[in-house]
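Asks: Attaching a predicted model along with its sequence, questions to come.
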Amino acid sequence: YENITQTNKGNLVHWKKNNSFSSHNTFSILFISNLNELLRDDEYITQIQAGYYHYYMALTNKQNLYSWRLNGDDQKMTTPKQIQIINKKDEKQLISQISVGYNHSMVLTTKGEVYSWGNNEKGQCGTKVIYCSRPTKIEFSGLRTNDVIKQVCASIEFTVAVSSSGTVFSW
């Protein structure tokens, strides 16, 4: 089990449960980092997600999306990379929610559009290619007029979304 959180001073702390056969739970801190050092003075993290094998994604109050990972045994954090969610009209999309699965990422925009990227071997990105290298908009068949996606959740090898009418989509 692994977790990540942000402290009130802006540090990101990532820890995991150690595998042991004792009756006591022990935890190891994998890294403490200050992602805020990369941000502008008036910018701060509003959402953070951790995926499998030390992959992370964070959204800021200025609608900037960052991703990074830890490298191998030395647990050194890679430099966070900014990700742009761009529609077909070449417009930057505003993000309301982020979600990270086993090896794929999902973003929900303020317009109720869903974008995905990453490993799609089991169809978890909702696209027709095996690997999506950039955020790709998901098309929903069966979505009623004036119904939009309100929540998305990436899991191990699948994704679930819920619309404003309560319709659940899973792929």
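Replies: Alright, I've got the coordinates.
Asks: check contacts around the residue nearest to residue 163 when sequence neighbours are not counted.
Replies: Of all residues not flanking residue 163 in the chain, residue 147 sits nearest, at 4.9 Å (CB to CB, 6 or more residues apart in numbering). Heads up, the C-betas are built off the backbone N, CA and C, glycines and all. Residue 147 makes contact with 163-165, 167, according to CB atoms under 8 Å, 6 or more residues apart in numbering.
Asks: same check, this time on residue 119
Replies: Applying CB under 8 Å, 6+ apart, we find residue 119 in contact with 102-104, 125, 130-131.
Asks: hey, what's it bridged with?
Replies: Beta-bridge partners for residue 119, by DSSP bridges, are residue 131.
Asks: What score does it have for pLDDT?
Replies: For residue 119, the pLDDT comes out at 92.
Asks: mind checking how far the residue nearest to residue 163 is from residue 45?
Replies: According to CB to CB, to the nearest Å, residue 147 and residue 45 sit 31 Å apart.
Asks: Dump the contacts of residue 119 into JSON lines; add pLDDT, neighbour count and distance to residue 84 as well.
Replies: JSON lines is the format used below for the contacts of residue 119 (pLDDT from 0 to 100; neighbours: other CB atoms under 10 Å; distance: CB to CB, whole Å):
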{"residue": "102", "pLDDT": "87", "neighbour count": "17", "distance to residue 84": "23"}
{"residue": "103", "pLDDT": "88", "neighbour count": "20", "distance to residue 84": "21"}
{"residue": "104", "pLDDT": "93", "neighbour count": "29", "distance to residue 84": "18"}
{"residue": "125", "pLDDT": "94", "neighbour count": "28", "distance to residue 84": "18"}
{"residue": "130", "pLDDT": "93", "neighbour count": "10", "distance to residue 84": "23"}
{"residue": "131", "pLDDT": "92", "neighbour count": "13", "distance to residue 84": "19"}
